[in-house]
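Test case, fold it:
(chains A and B)
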Amino acid sequence: DTGVSQDPRHKITKRGQNVTFRCDPISEHNRLYWYRQTLGQGPEFLTYFQNEAQLEKSRLLSDRFSAERPKGSFSTLEIQRTEQGDSAMYLCASSTLSVPTTGELFFGEGSRLTVL
Amino acid sequence: GENVEQHPSTLSVQEGDSAVIKCTYSDSASNYFPWYKQELGKGPQLIIDIRSNVGEKKDQRIAVTLNKTAKHFSLHITETQPEDSAVYFCAANRDDKIIFGKGTRLHILP
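Modelled structure (predicted):
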């Protein structure tokens, strides 16, 4: 049973560098979500895809952030010119199209970013 | 937009006692209310959910209640066990998204 996988699990970078995270959802899950979680807080919605279409982006997602899901399977989240405030856990989740808003989100274990 | 408030932020209970976590939501259009459990180093995992056409739902030691009029919903864990120690998040749907509360860290004391 392969769940949602995220890579890398941990990333330490210097301020100003670019970083990219990858998420592989559960196969046949049409919806893919990115959330950000900081210490002591709940996951905050960033963006989501239905197949390859990016349907919504949060105001939290500045122009330094870009997400893609080119073939409707895996997704990447890139952060350009990282800032210390970008330090957080970036969580990916997937769900099935048939239950878009009233079904379970399956989360990966997250990619932890530390910006020095 | 939807705002989900959760309290308490930290809760300590003796093993075997019950734990209650309460949440409120702001968007009257919300109709789905899941609860997630997050263990250290892992992503959140769904433990129970409730839809707006139901007032209460139970699954073994876990129960959720929903008061749509007051926009309150609660998680009840009975006969708590050490493995219940974790962070619990309530959530509500808004359009095609799930909006989370800030979480409750539950400690089960021996």
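
A:Ile26 touches A:Leu32, doesn't it?
No. Counting by Cβ atoms under 8 Å, A:Ile26 sits too far from A:Leu32 to count as a contact (9.6 Å). Every residue, glycine included, has its C-beta placed from N, CA and C.

Find the residues that touch each one of the two.
Shared contacts of A:Ile26 and A:Leu32, defined by Cβ atoms under 8 Å, 6 or more residues apart in numbering or on different chains, are found at A:Ser94.

what about these two, which has more around it?
A:Leu32 (27 against 17; other Cβ atoms under 10 Å in any protein chain shown).

and that one, what does it touch?
A:Cys23, A:Pro25, A:Tyr48, A:Phe49, A:Arg69, A:Ser75, A:Cys92, A:Ala93, A:Ser94.

among those, which two are most distant?
For those, the farthest-apart pair by Cβ to Cβ is A:Arg69 and A:Ala93; their separation is 13.1 Å.

how about A:Tyr35, what does it touch?
A:Tyr35 neighbours (Cβ under 8 Å, 6+ apart): A:Pro43, A:Glu44, A:Phe45, A:Leu46, A:Tyr90, A:Leu91, A:Cys92, A:Ala93, B:Phe100.

Could you export those residues as JSON lines, including secondary structure and pLDDT?
Shown next, in JSON lines, are the contacts of A:Tyr35 (DSSP: H, G, I helix; E, B strand; the rest coil; pLDDT from 0 to 100):
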{"residue": "A:Pro43", "secondary structure": "coil", "pLDDT": "96"}
{"residue": "A:Glu44", "secondary structure": "strand", "pLDDT": "96"}
{"residue": "A:Phe45", "secondary structure": "strand", "pLDDT": "95"}
{"residue": "A:Leu46", "secondary structure": "strand", "pLDDT": "96"}
{"residue": "A:Tyr90", "secondary structure": "strand", "pLDDT": "98"}
{"residue": "A:Leu91", "secondary structure": "strand", "pLDDT": "98"}
{"residue": "A:Cys92", "secondary structure": "strand", "pLDDT": "98"}
{"residue": "A:Ala93", "secondary structure": "strand", "pLDDT": "96"}
{"residue": "B:Phe100", "secondary structure": "strand", "pLDDT": "96"}
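
Where does the prediction get shaky in the chain?
Because you didn't say which chain, this covers chain A. For chain A, residues meeting the criterion pLDDT under 70 lie at A:1, A:97-102.

To clarify, I was referring to chain B.
Using pLDDT under 70, chain B has no residue that qualifies.

can you tell me the helix or strand for the one residue in it that gets nearest to chain A?
When distances are taken as Cβ to the nearest Cβ, chain B reaches nearest to chain A at B:Gly43, 3.1 Å away. Element membership for B:Gly43, per DSSP states H and E: none, as it lies in no helix or strand.

quick one: contacts for residue 11?
Since you didn't name a chain, this refers to chain A. By Cβ under 8 Å, 6+ apart, the neighbours of A:Lys11 are A:Val19, A:Phe21, A:Ser111, A:Arg112, A:Leu113, A:Thr114.

look at chain B instead
Taking Cβ under 8 Å, 6+ apart, one finds B:Ala19, B:Ile21, B:Thr104, B:Arg105, B:Leu106, B:His107 in contact with B:Leu11.

Can you list the buried residues in the host helix or strand of the fourth one?
B:Arg105 is part of strand B:104-109 when elements are defined by DSSP H and E. Within strand B:104-109, the residues that qualify as buried are B:Thr104, B:Leu106, B:Ile108, counting by 16 or more other Cβ atoms under 10 Å in any protein chain shown.
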